[in-house]
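Chemist: give me the fold of what follows.
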Amino acid sequence: QVQLVESGGGLVQAGGSLRLSCAASGRTLSSYVMAWFRQAPGKEREFVALINRSGDSPLYADSVKGRFTISRDNAKNTVYLQIHSLKPEDTAVYYCAADSKGWGRRVLPASYDYWGQGTQVTVSS
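Modeler: As a prediction, this is how the structure comes out:
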């Protein structure tokens, strides 16, 4: 079993940047497809980005393409989400998730086995 802990959220002005981190313990992350999701108040959890085990061929939601970059450092057992040009509509709790199947490009939350507790990102206009 893997435990995930997100960090790096905060309050930023529109146009600003953040880097979110997701640190894993318990098992090595190299076995998992990793993803970021977010959930705004009153809305369903939505897919943001995913990265495969080797760290290539990332997949992004259309709403974040060109602004968000997902990456991973398997040696550090950490996944990152670099966010630029933040918008008020990016305000949400951001979660990292691990898919133990280790392959595929799944965008539904139900496909992921392990979740962190989330980190709040608030963007002021």
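Chemist: what pLDDT, on average, does stretch 102-109 get?
Modeler: Stretch 102-109 shows an average pLDDT of 91 in the prediction.
Chemist: what about the strands in this structure?
Modeler: Applying DSSP state E to the chain gives strands spanning 3-7, 10-13, 18-25, 33-39, 46-51, 59-60, 68-73, 78-83, 92-99, 114-115, 119-124.
Chemist: so for R106, which of these sits nearest?
Modeler: Closest of the strands of the chain to R106 is strand 92-99, at 6.1 Å (criterion: Cβ to Cβ). Any C-beta I mention is one placed from the backbone N, CA and C, and that applies to glycine too.
Chemist: for the residue sitting nearest the centre point of the chain, what are its contacts?
Modeler: Most central in the chain under Cα atoms, centre = their mean is W36, positioned 2.2 Å from the mean C-alpha point. W36 is in contact with 20, 22, 48-50, 68, 70, 79, 81, 94-97, counting by Cβ atoms under 8 Å, 6 or more residues apart in numbering.
Chemist: would you mind listing which of these are buried?
Modeler: 20, 22, 48-50, 68, 70, 79, 81, 94-97 (16 or more other Cβ atoms under 10 Å).
Chemist: on that earlier part again, export the strands of the chain as CSV, with columns for mean pLDDT and distance to R106.
Modeler: Listed next are the strands of the chain as CSV, based on pLDDT from 0 to 100; distance: least, Cβ to Cβ, whole Å:
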stretch, mean pLDDT, distance to R106
strand 3-7, 97, 17
strand 10-13, 98, 29
strand 18-25, 97, 17
strand 33-39, 98, 7
strand 46-51, 98, 7
strand 59-60, 98, 9
strand 68-73, 97, 14
strand 78-83, 98, 16
strand 92-99, 98, 6
strand 114-115, 98, 14
strand 119-124, 98, 22
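Chemist: quick one: which of the ones you listed is nearest L108?
Modeler: Judged by Cβ to Cβ, the one of these that comes nearest to L108 is strand 46-51, at 7.4 Å.
Chemist: any idea of the angle that closest one forms with strand 68-73?
Modeler: 40 degrees (axes from the mean of the first three to the mean of the last three Cα atoms, to 10 degrees).
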